[in-house]
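S.K.: When you get a sec, could you give me coordinates for this:
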Amino acid sequence: MIRSMTAFARQQTQAEWGVLTCEIRTVNHRYLEPSFRLPEALRELENGFRDHLRKALGRGKVDVGMRLQSSEDADTALLVNDRLAASLNDAINHVNRLLDNPAHISALDILRWPGILDREEPDLSPVKAAADELFQRTVAELVVVREREGERLRPLFDERLSAMATLVTQVRERLPGLISAQEQALRDRFRQASVELDPDRLSQEMVMLAQKSDVAEEMDRLEAHIGEVRETLQRNDAIGRRLDFLMQELNREANTLSSKSIDAEVTRVAVDMKVLIEQMREQVQNLE
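M.R.: Model prediction:
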């Protein structure tokens, strides 16, 4: 399964306590690196959210945002400390009786006194339960989006791998005639220079050239790596790191093919291979 690390998911839920919205964005990253922006009332849920992300995602930089918009009906009531207010009123009246010109104290003045007003603690358990369910639903959507975005890349890999397999076949077909062509070119140069060619020396040179330019093993490994990439693309687990390693191996063999080349056409094929590998590697960097 090909899963992209670039995705976005958004879910929302609504109840009598208000509206809760969850948004998750992910981009490519070497490891799983989540960050959370949660309402203070839901901060204690973060550890559980992290555990759920570790089970659902392999890697990627994950930005989780959750917003809570409380309804007017859910506003908490103000509670008056009756005993403190009565004591404060008695104290004010006592002081007023001692003063020649007492000042008028309003009810608002008393309410401003520290400890007179308190806010009723709301029951957040329904909100927390809804937040947990909403987060799991958003993560599930995110996984679907990552898989959908990843599957869109499958034709790109299939086309590049098929093109590489064709290039390998072209090199294999060209190899048998390369040494013969080099031998004939060497004979022609000696003939043009009117220099007598030693048959034994020519045989030695051809053997050395054949050994130096032998790329059969590189062709075998390229075919094996291409097959391994195709097999990896069919796996259901996270494949990004494995594909990245295989891209390095493919590139190594293409570089070796280029360095051993004694033919312009083989050199061109090696360059074409490296272009195809780089195109795949750019996409692999974004896979989970």
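S.K.: Mind telling me what element the nearest residue to Gln279 once chain neighbours are set aside is part of?
M.R.: Using C-beta to C-beta, 6 or more residues apart in numbering and skipping the chain neighbours, the partner closest in space to Gln279 is Arg160 (5.9 Å). Yep, even glycine has a C-beta here, placed from its N, CA and C like the rest. In this structure, Arg160 sits in helix 154-192 according to DSSP states H and E.
S.K.: what mean pLDDT does that helix have?
M.R.: Computed over helix 154-192, the mean pLDDT rounds to 77.
S.K.: Could you check how far Ala129 is from Ile24?
M.R.: For Ala129, the distance to Ile24 equals 19 Å [C-beta to C-beta, to the nearest Å].
S.K.: Give me the more crowded residue out of those two.
M.R.: Each of Ala129 and Ile24 has its neighbours counted (other C-beta atoms under 10 Å); Ile24 has more, 24 against 11.
S.K.: contacting residues around whichever strand or helix holds that one?
M.R.: Assigned by DSSP H and E, Ile24 belongs to strand 18-27. Strand 18-27 is contacted from outside by 5-14, 57, 60-71, 74, 127, 130-131, 134-135, 137-139, 142, 146, using C-beta atoms under 8 Å, 6 or more residues apart in numbering.
S.K.: Make a PyMOL selection of whichever of those turn out to be buried.
M.R.: Entered in PyMOL, the line below selects the buried ones among those, by 16 or more other C-beta atoms under 10 Å:
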select buried, resi 5+6+7+9+11+13+57+60+61+62+63+64+66+68+70+127+130+131+134+135+138+139+142+146
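S.K.: show me where the stretch 1-150 of the chain has strands.
M.R.: 7-15, 18-27, 32-37, 60-70, 78-80, 117-119 (DSSP state E, counting those that start in this stretch).
S.K.: looking at those, which is closest to Arg97?
M.R.: When the strands of the stretch 1-150 of the chain are compared by C-beta to C-beta, strand 78-80 sits nearest Arg97, at 24.9 Å.
S.K.: List the neighbouring strands of that closest one plus their orientation.
M.R.: Strand 78-80 has the following sheet partners, assigned by DSSP bridges: strand 117-119 (antiparallel).
S.K.: how does the chain divide up, domain by domain?
M.R.: 7-73+124-151, 78-119, 154-284 (automatic domain parsing).
S.K.: Could you dump those into JSON lines with distance to Met1 added?
M.R.: Converted to JSON lines, these look like this (distance: least, C-beta to C-beta, whole Å):
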{"stretch": "domain 7-73+124-151", "distance to Met1": "6"}
{"stretch": "domain 78-119", "distance to Met1": "50"}
{"stretch": "domain 154-284", "distance to Met1": "5"}
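S.K.: Next, count neighbours for Leu140.
M.R.: Just to correct that, residue 140 is Ala rather than Leu. Neighbour number of Ala140 under other C-beta under 10 Å is 13.
S.K.: Which residues are in contact with it?
M.R.: Counting by C-beta under 8 Å, 6+ apart, Ala140 touches Ala56.
S.K.: Now do Glu141 against Asp51, distance only.
M.R.: The spacing between Glu141 and Asp51, counted by C-beta to C-beta, is 19 Å.
S.K.: which sections of the stretch 51-200 of the chain are below the confidence cut-off?
M.R.: Confidence mapping of the stretch 51-200 of the chain against pLDDT under 70 gives the ranges 72-77, 118-121, 177-200.
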